[in-house]
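K.L.:
okay, sequence plus prediction incoming.
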Amino acid sequence: PCFHRAIHPAAVMEPVDKFDVARQLFKDQPAGFPYEGFDLEELILPESDDMGIRSDEDDEEEEELETETGFGSVIVVDCLPVVPEDKHEKLTNVLRKIYTQIGNVREGGIFMPKDANNMSKGFAFVEFFSPEEAQAARAQTDGYKLDKNHTFKVSMFDDFERYARVPDEYAALEVKPYTPAENLHSWMLDKHGRDQFVIKYGDEVVVLWNDGRRCKAEEAYKRTFWTESFVQWSPQGNLLATMHRQGVAVWGGPNFQRLARYSHQNAQLIEFSPAEKYLMTYSSIEPANPRDKVQVLLNVFETRSGKKLRIFGGNMEDYAVGSSAAPGGALRWPVFKWAGGVEDKYFARLTKGAIKVYETPEMTQLDKKDLKLDGVQDIEWSPAEPLLAAYAQEVGDRPANISIIRIPERTNVRSKQLFNVSDVKIFWHPQGDYLAVKVDRYTKTKKSTYTGFELFSVREKDIPMDVLELPNKSEKVLSFAWEPKGHRFAIVHGDSARPNVGFYSMKDEKGKLGVKHLGTLANKACNGIHWSPNGHNIVLSGLKSLNGQLEFFNVDEFEVLAAAEHFMATDVEWDPTGRYVASSVTSIHQMENGFNLWSFNGKLLYSMPRDRFQQLSWRPRVPSLLPKEKEEEIKKNLKEYSRRYDEEDEALLLQADADVLQERQKQQEEWDRAAVARQEYTVQQREFYEQMYGERGHEKEYTMTTVTVEQVLDVREEPYVA
């Protein structure tokens, strides 16, 4: 049978647009509600809503867009001789010989325009494989004298278009209103006297406050993909540098705003000057042809303005001289070394048989000539003043020599001849008071070496010198370190896996000059020594192959404060106050990555494991403005000061606890308000369902599942009939 249902025409329902119904019911909802099948253009955010994500460009006006011409690897060499056609090839070959020593010139990459008479026009275009090579070529050959009548004037091809865009009529610049910069010393004003440190793990960079009294680290700033390789504090802690493909950026202030950018494609390493006035960046350029030489490019910038002041470039082998040469023909950083002091006046580098000293801000060579020193292999500046210690190896019949040279006078204030020298290493005292020279000498048979130290008292009249030899001359010296504030030093020496650690002083109990042995710690699992920045205490570390053995030692009392272990530790670093020590395991190990934070006496305060942990660096402090006499007075009356500041610290801690409670209460209130608002939305949503689905709107959520069941209804046996 067939059944039919009669439907009255008036009862036929028209299609209902449920989203239109939703918009009519909930008129206060943002455009696009209820977010199903919405048009992207309809999703309108409130004006100036950044979703809580702050952009680096928020405080910057839109910069003028500079398009690249595609000729960044082309230079223009002007002031060439004007020659006839039969001499074009000869002049081209001269240019090729000059510029192939600097970079890789493309095949057919030298072009000299001609006039109607086939005479050259006095300039040429030279194309390299990369812009870095072109910049290095400009830096090295601008002003090059081809002969007495022709001196090169070299420019980048792109500069011509930039200059052509300069308008003919002067337009006055718009005067921008003054906006005060953030306080770059803000972290020094922390009311709890805490220090900051930065860590990098994976793609994250986090700046943390070290709250040692509460045994925890508090996040100050965090950013993902902040750098492409590493981060680096400036020497006084005012700036944090990050590395990028386009160059380097520096950040500062309480919110770590970007302060400046320094353009250097594929920069690999950086170095600040001691007073943070200048920044040097470095990159190497691999040649397209394996037979060609590796090129290097170094830029010097003014830190504050970001202005590029000088470009150095050329073959890597020209810079890999003496102590600047690493195994395999690579460079050992830094190539240029800055003079100590607060003026940032001089920097220098080694060349074959000479030292090139440059002065700022002109960035020109001092007196326009080299400081000649045959056989020079290493230089180190005093951290306190422009005194340069230089080591020159034996040349012919002339013995090796250590010289202390005063700049800019070029005066040799002290020198010492050395004989049978195998190797030399220079160690300046952090305050510039002393100079230690570790000398490895050959024995009479020339089959082995032994080590001694030449110790100079730089502050004394005529710079007297003492000689120190180890009790067992055949022992190797594994490590040497000066006490940062004081006159003591430590030496790790021995041939076994458990060497000895010797402590010495440059003065006796009465303050008289003379090297004195204070004592030796025998058979220590130690391959590194780490003095506290304030002296007195030291950490003896057995890193990497020694599995992270740590011993906290008080040199004043000559006693062990604590022995500990941070398994697989790779690095140890004191905070700038000497109160805390961080040990870390970086990602050279696949396991146990992260860091431990210890007190100065070896108590473990807290740990922070992090996968792919790469770096921990304490933020340096600005040097104290107190004179030495005031510092000594504070040390003498330390108990009195401690009592007063302990009370203040306790009050601050109580206030901090109250602040935490207040913040938690504020968060709870915000949550309660959000919950109430959500309840109202839930009620509206329920009413919407009831209007849309009627009685079905009250049904609970359910899931329909199809189940197949096999059931045997009957079993019969029937005879088989063939």
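P.N.:
Looks like it arrived, so ask away.

K.L.:
and residue 321, what does it touch?
P.N.:
350-352 (C-beta atoms under 8 Å, 6 or more residues apart in numbering). In short, each C-beta sits where N, CA and C put it, glycine included.

K.L.:
so which of the residues you listed are in strands?
P.N.:
Using DSSP state E, the subset of those located in strands is 350-351.

K.L.:
let me know the closest of the contacts of residue 321 to residue 628.
P.N.:
Using C-beta to C-beta, residue 350 is the member of the contacts of residue 321 that lies nearest residue 628, at 34.6 Å.

K.L.:
what is the burial count for that closest one?
P.N.:
Burial of residue 350 is recorded as 24 neighbouring residues (other C-beta atoms under 10 Å).

K.L.:
that older thread, ok, the contacts of residue 321 vs residue 381, which is closest?
P.N.:
Closest to residue 381, out of all of the contacts of residue 321 and judged by C-beta to C-beta, is residue 350, at 12.7 Å.

K.L.:
that older thread, make JSON lines out of the contacts of residue 321 and add distance to residue 143.
P.N.:
What follows is the contacts of residue 321, written out as JSON lines (distance: C-beta to C-beta, whole Å):
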{"residue": "350", "distance to residue 143": "23"}
{"residue": "351", "distance to residue 143": "19"}
{"residue": "352", "distance to residue 143": "22"}
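
K.L.:
and stretch 245-258, which residues are buried?
P.N.:
247-253, 256 (16 or more other C-beta atoms under 10 Å).

K.L.:
what's the farthest-apart pair in these?
P.N.:
Going by C-beta to C-beta, the pair spanning those furthest: 247 and 253, at 20.5 Å.

K.L.:
any regions of this structure where pLDDT drops low?
P.N.:
1-70, 652, 697, 722 (pLDDT under 70).

K.L.:
how about the secondary structure of the residue nearest to the spatial centre of it?
P.N.:
Geometric centre of the chain, nearest residue: residue 232, 2.5 Å, by C-alpha atoms, centre = their mean. For residue 232, the assignment made with DSSP: H, G, I helix; E, B strand; the rest coil gives strand.

K.L.:
pull up the gap between it and residue 262, please.
P.N.:
Here residue 232 is placed at a distance of 13 Å from residue 262 (C-beta to C-beta, to the nearest Å).

K.L.:
same deal with residue 189?
P.N.:
The value you get for residue 189 to residue 262, if C-beta to C-beta is used, is 28 Å.

K.L.:
these two: which has the busier surroundings?
P.N.:
More neighbours surround residue 262 than the other of residue 189 and residue 262, with 24 against 9 (other C-beta under 10 Å).

K.L.:
surely that one is in contact with residue 248?
P.N.:
Yes - Residue 262 lies in contact with residue 248 (C-beta atoms under 8 Å); the separation is 4.6 Å.

K.L.:
for the nearest residue to residue 536 once chain neighbours are set aside, grab phi and psi.
P.N.:
When the adjacent residues along the chain are set aside, residue 536 lies closest to residue 556, with 5.3 Å between them (C-beta to C-beta, 6 or more residues apart in numbering). Backbone torsions of residue 556, given as degrees, to the nearest 10, read phi -60, psi -50.

K.L.:
before we move on, what about residue 664?
P.N.:
Torsion angles, degrees, to the nearest 10, at residue 664: phi -60, psi -40.

K.L.:
just give me the neighbour total for it.
P.N.:
10.

K.L.:
quick one: it from residue 192, how far?
P.N.:
19 Å.

K.L.:
got it, and residue 577?
P.N.:
Residue 577 is 12 Å from residue 192, by C-beta to C-beta.

K.L.:
swap in residue 705?
P.N.:
Distance of residue 705 to residue 192, given as C-beta to C-beta: 60 Å.

K.L.:
ok, these two, which is more surrounded?
P.N.:
residue 192 (15 against 5).

K.L.:
pretty sure that one sits against residue 656.
P.N.:
Yes - if you go by C-beta under 8 Å, residue 192 and residue 656 touch, sitting 7.2 Å apart.

K.L.:
from residue 525, how far off is residue 426?
P.N.:
Residue 426 sits at a distance of 28 Å from residue 525 (criterion: C-beta to C-beta).

K.L.:
what count of nearby residues applies to residue 514?
P.N.:
Residue 514, neighbours per other C-beta under 10 Å, totals 11.

K.L.:
now swap in residue 98 and tell me
P.N.:
Neighbours of residue 98 (other C-beta under 10 Å): 18.

K.L.:
which ones are touching it?
P.N.:
Applying C-beta under 8 Å, 6+ apart to residue 98 gives the contacts 141, 144.

K.L.:
name the element it belongs to?
P.N.:
Using DSSP states H and E, residue 98 falls within helix 88-99.

K.L.:
can you name the element that comes right after that helix?
P.N.:
Next along the chain from helix 88-99, counting by DSSP H and E, comes strand 105-111.

K.L.:
can you give me phi and psi for residue 691?
P.N.:
Dihedral angles (degrees, to the nearest 10) for residue 691: phi -70, psi -30.

K.L.:
using PDB, list the CA coordinates for the host helix or strand of residue 161.
P.N.:
Element membership for residue 161, per DSSP H and E: helix 157-164. The C-alpha coordinates for helix 157-164 follow below in PDB (Å, rounded to 0.1, in the frame of the first residue of the first chain):
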ATOM      1  CA  PHE A 157      77.300  52.000  -8.500                       C
ATOM      2  CA  ASP A 158      74.100  52.300  -6.400                       C
ATOM      3  CA  ASP A 159      75.400  55.500  -4.900                       C
ATOM      4  CA  PHE A 160      74.800  57.400  -8.200                       C
ATOM      5  CA  GLU A 161      71.100  56.700  -8.200                       C
ATOM      6  CA  ARG A 162      70.900  57.700  -4.500                       C
ATOM      7  CA  TYR A 163      72.600  61.000  -5.200                       C
ATOM      8  CA  ALA A 164      70.400  61.500  -8.300                       C
END
